[in-house]
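Colleague: Dropping a prediction and its sequence here:
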Amino acid sequence: MRLVMTEPVERMNRPYARRWWALLVLCLSLLIIVMANTALTVAAPDMTKDLGLSGADLQWVIDGYTVPYAALMLLLGAIGDKYSRRGALVLGLVVFGGGAVFGYLAGSATTVIAARAVMGVGAALIMPATLSLLAATFPRAERAKAITLWTATAGLAIAAGPVVAGALLRDHGWAATFLINVPVAAVALVGAFVLVPPSRAGHHDRIDYVGGLLSVIWAGALIYTIIEGPHFGWGAKAVTAAVVAGVALTAFVLWELRHPRPILDVRRFTGRRFAGSNLAVALFFLTVFGAFYYLTQHLQFVLGYDALETGVRMLPLAGAVFAGSALTGWLTPRVGMKWTVGAGMVGGTTALALLTRVDAASAYGDLVAPLVILGLAIGLALSPCTDAIMGAFPEAELGVGGAVNDTSLELGGSLGIAVLGSLLATSYGDHLTDATAGSKLPASALDTARDSVGAGYAVAQGIGDKAHQVAARAAAAKDPQQAARLKQQAGELAGGAREMADAVGSAFSDAVAHTSLVGAVILGIGTVLVAVLLPRRESPAPQVKEEERELVDSAAG
């Protein structure tokens, strides 16, 4: 047996014997790039305290990863198709691992953001490479099953990130959450050489670099707008980025329509199956990432769980994703993609609707059913959509196909965190204002508490600490009248601290319910749109042509 796999998959006259082991390597690679975001959600409080991050700093620590990741995928996917898909995967793992080490050593907001950006570049190489290698390595009859396992891995990573990060944070600092990626990347790197066969397009024309550059500009500017506008206001930066995104996207579409060999044939979006699948992926991750963003905060701040306990309580979501993925593998061939995806989107809408019942009295048990339903919905809907998107591309453009799928995913996730996160913050501030109306707290303290749920509890804790200090002074006072006065003051402060903490918890719970309602409406409308777009019956003709093209490419190789 060869130590390094050197035979290109295009030259094999039968399916690659170790393709399921190769899939394990691809899934490991996917695991770390999804965990890189979800692990950070539980490390953020410690990082904020240690580095003294402002709200803007923390937002860019999170999103410094997203901008290069979303912007570069299409161009890097095309480059991987032409030169080497495995090479793109290997280079991505090296860059990603290097960025993780850089993040571990970082000691300031600037260096952490830079490290996250480097990791984002690595992710932009890895993500489309995993899907293109999967599609190239597996015969069409097995591809749907392989994509189902790939999708289930993404669901596992969403919940595994907080669990692993939470376990590390019990004995180590936030920097250790960067290092969890390094050993996995190293194992995947070795596995890529040993188990994943080389692959590139059997024939590939010159890359459309102008289209690729325009895609980088419009995607990067759009993601920047999504992040900057809702979180920091629609000032000059956000408006300028929005204009740049609109102009670059228009130029990109016009260029691609006229180019004889476009980096992405935008006419594919006129196909109902392709357009509907991309819309479903974007909408699902809009709601999933948005819900994950506020549910982890609710578990940590309102219900009082630490990082590890929070991660463990998100595991029902991961388990349900696996169950939903198994169900869709059985269901889709029998009832068709339209019904499976529709059922998944209805399930996701139902899960968000159940979260509208969250209030100050809600316990973890009230969240279990929505988490399970949401996980089942993800498993049901996403695998058929990803399979449909990849199936729309010829062998020469599998990397581009993976990039389109992943860009829809990332745009949806960014919108979810930005839009639903902004709505959550606004709703929380409004509810807290109502809950504290008539209180004797200083206006500056109330303004601080309205900034975020963490800040609100910090204000309550500060009042409680002051109550303990006054109580200690009362115990030490020798004058009985002074002692009585101080004791009364301490009691009032302690009562104020309890009232403030109750108001913060109630305001955030109400904000979760309100944000979930908006998310349910968005996904519900999207469900109708996707149902209209997806064809009732799948035509076998395009698939026959695709198989013929693969045979020609294989013969040419």
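Modeller: Received, thanks. Predicted model only: the values in this text are computed from it and were never measured.

Colleague: ok, Ala22 - contacts?
Modeller: The contact partners of Ala22, taken as Cβ atoms under 8 Å, 6 or more residues apart in numbering, are Tyr16, Leu133, Thr137, Leu195, Val196, Pro197. All C-beta spots, glycine's among them, are computed from the backbone N, C-alpha and C.

Colleague: so it, which of the three states?
Modeller: Three-state call for Ala22 (DSSP: H, G, I helix; E, B strand; the rest coil): helix.

Colleague: Begin at 10, not 1, for the rest of this chat.
Modeller: Will do, 10 is the new start, and the previous item becomes Ala31.

Colleague: Look up how far Tyr25 lies from it.
Modeller: According to Cβ to Cβ, to the nearest Å, Ala31 stands 7 Å off from Tyr25.

Colleague: Please apply the same query to Arg125.
Modeller: Between Arg125 and Tyr25 the computed distance is 35 Å (Cβ to Cβ).

Colleague: same check, this time on Leu273
Modeller: For Leu273, the distance to Tyr25 - Cβ to Cβ - is 28 Å.

Colleague: Which one's more surrounded, those two?
Modeller: A direct count of neighbours by other Cβ atoms under 10 Å for Leu273 and Tyr25 places Leu273 higher, at 26 against 20.

Colleague: distance of the more buried one from Thr75?
Modeller: Going from Leu273 to Thr75 by Cβ to Cβ gives 20 Å.

Colleague: could you say what helices and strands the helix or strand hosting Gly463 packs with?
Modeller: In the assignment (DSSP states H and E), Gly463 maps to helix 462-485. When contacts are defined as 3 or more Cβ pairs under 8 Å, 6 or more residues apart in numbering; DSSP states H and E, helix 462-485 packs onto helix 430-444, helix 452-460, helix 489-542.

Colleague: That helix to helix 452-460, inter-axis angle?
Modeller: Interaxial angle, helix 462-485 versus helix 452-460 (axes from the mean of the first three to the mean of the last three Cα atoms, to 10 degrees): 140 degrees.

Colleague: what about helix 462-485, average pLDDT?
Modeller: If you average the pLDDT over helix 462-485, you get 87.

Colleague: Please apply the same query to stretch 330-340.
Modeller: pLDDT averaged over stretch 330-340 gives 87.

Colleague: ok, now stretch 400-419?
Modeller: 88.

Colleague: picking that back up, shared neighbours of Ala31 and Tyr25, anything?
Modeller: Residues touching both Ala31 and Tyr25 (Cβ under 8 Å, 6+ apart) are Thr146, Pro206.

Colleague: Poorly predicted segments of the stretch 160-309 of the chain, please.
Modeller: Counting by pLDDT under 70, the stretch 160-309 of the chain shows low-confidence ranges at 211-213, 240.

Colleague: show me where the stretch 60-209 of the chain has helices.
Modeller: With DSSP state H, counting those that start in this stretch as the criterion, the stretch 60-209 of the chain has helices at 64-72, 75-91, 94-114, 118-146, 149-178, 185-188, 190-204.

Colleague: Pipe the ones you listed into a markdown table and attach distance to Leu308 and mean neighbour count per row.
Modeller: Below are these laid out as a markdown table (distance: least, Cβ to Cβ, whole Å; neighbours: other Cβ atoms under 10 Å):
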| stretch | distance to Leu308 | mean neighbour count |
| --- | --- | --- |
| helix 64-72 | 18 | 19 |
| helix 75-91 | 23 | 26 |
| helix 94-114 | 25 | 22 |
| helix 118-146 | 24 | 25 |
| helix 149-178 | 9 | 22 |
| helix 185-188 | 17 | 21 |
| helix 190-204 | 23 | 19 |
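
Colleague: Dump these to CSV, plus distance to Leu495.
Modeller: Shown next, in CSV, are those (distance: least, Cβ to Cβ, whole Å):
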stretch, distance to Leu495
helix 64-72, 36
helix 75-91, 52
helix 94-114, 48
helix 118-146, 41
helix 149-178, 39
helix 185-188, 44
helix 190-204, 53
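
Colleague: quick one: which of those helices is nearest Val51?
Modeller: Val51 lies closest to helix 149-178 among the helices of the stretch 60-209 of the chain, at 4.6 Å (Cβ to Cβ).

Colleague: sorry, back to before: which one of the contacts of Ala31 sits closest to Gly255?
Modeller: So of the contacts of Ala31, ranked by how close each gets to Gly255 (Cβ to Cβ), first place is Leu142, at 34.2 Å.

Colleague: Which residues are in contact with the residue lying closest to the closest one once chain neighbours are set aside?
Modeller: Excluding the flanking residues, the one nearest Leu142 by Cβ to Cβ, 6 or more residues apart in numbering is Arg94, at 5.1 Å. Neighbour list for Arg94: Ala138, Ser141, Leu142, Ala145, Pro207, Ser208, Arg209, Leu407, Gly408 [criterion: Cβ under 8 Å, 6+ apart].

Colleague: Pull the residues that contact the helix holding Gly463.
Modeller: Applying Cβ under 8 Å, 6+ apart, the external contacts of helix 462-485 come out as 54, 57, 306, 310-311, 437, 441, 450, 454-455, 457-459, 491-493, 495-496, 498-500, 502-503, 505-507, 509-510, 512-513, 516-517.

Colleague: And those residues, which of them are buried?
Modeller: Among these, the ones that count as buried by 16 or more other Cβ atoms under 10 Å are 54, 57, 306, 310-311, 437, 441, 450, 454-455, 457-459, 495-496, 498-499, 502-503, 505-506, 509-510, 512-513, 516-517.

Colleague: that older thread, out of the helices of the stretch 60-209 of the chain, which is closest to Asp415?
Modeller: Comparing those under Cβ to Cβ, the one sitting nearest is helix 118-146, at 4.5 Å.

Colleague: how far off helix 190-204 does that closest one point, in degrees?
Modeller: Using the same axes, to 10 degrees: helix 118-146 against helix 190-204 is 20 degrees.

Colleague: and helix 118-146, what does it pack onto?
Modeller: Going by 3+ Cβ pairs under 8 Å, 6+ apart, helix 118-146 lies up against helix 28-60, helix 64-72, helix 75-91, helix 94-114, helix 149-178, helix 374-400, helix 407-424.

Colleague: Is it possible to get CSV of the ones you listed that adds distance to Leu326?
Modeller: Shown next, in CSV, are the helices and strands packed on helix 118-146 (distance: least, Cβ to Cβ, whole Å):
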stretch, distance to Leu326
helix 28-60, 11
helix 64-72, 20
helix 75-91, 21
helix 94-114, 24
helix 149-178, 5
helix 374-400, 4
helix 407-424, 15
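
Colleague: can you pull the buried residues of stretch 418-435?
Modeller: 418-434.

Colleague: Residue ranges in the stretch 10-159 of the chain under the pLDDT threshold?
Modeller: 10-11, 64.

Colleague: just to revisit the earlier point, and the helices and strands packed on helix 462-485 as a markdown table, adding distance to Thr395?
Modeller: Output for the helices and strands packed on helix 462-485, formatted as a markdown table (distance: least, Cβ to Cβ, whole Å):
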| stretch | distance to Thr395 |
| --- | --- |
| helix 430-444 | 26 |
| helix 452-460 | 38 |
| helix 489-542 | 14 |
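
Colleague: Which of those helices comes out lowest on mean pLDDT?
Modeller: Confidence, taken as mean pLDDT, is least for helix 452-460 of the helices and strands packed on helix 462-485 (a mean of 82).

Colleague: helices and strands around it, which ones?
Modeller: helix 430-444, helix 462-485.

Colleague: so which of those gets nearest Asn190?
Modeller: Comparing the helices and strands packed on helix 452-460 by Cβ to Cβ, helix 430-444 comes nearest, at 24.1 Å.
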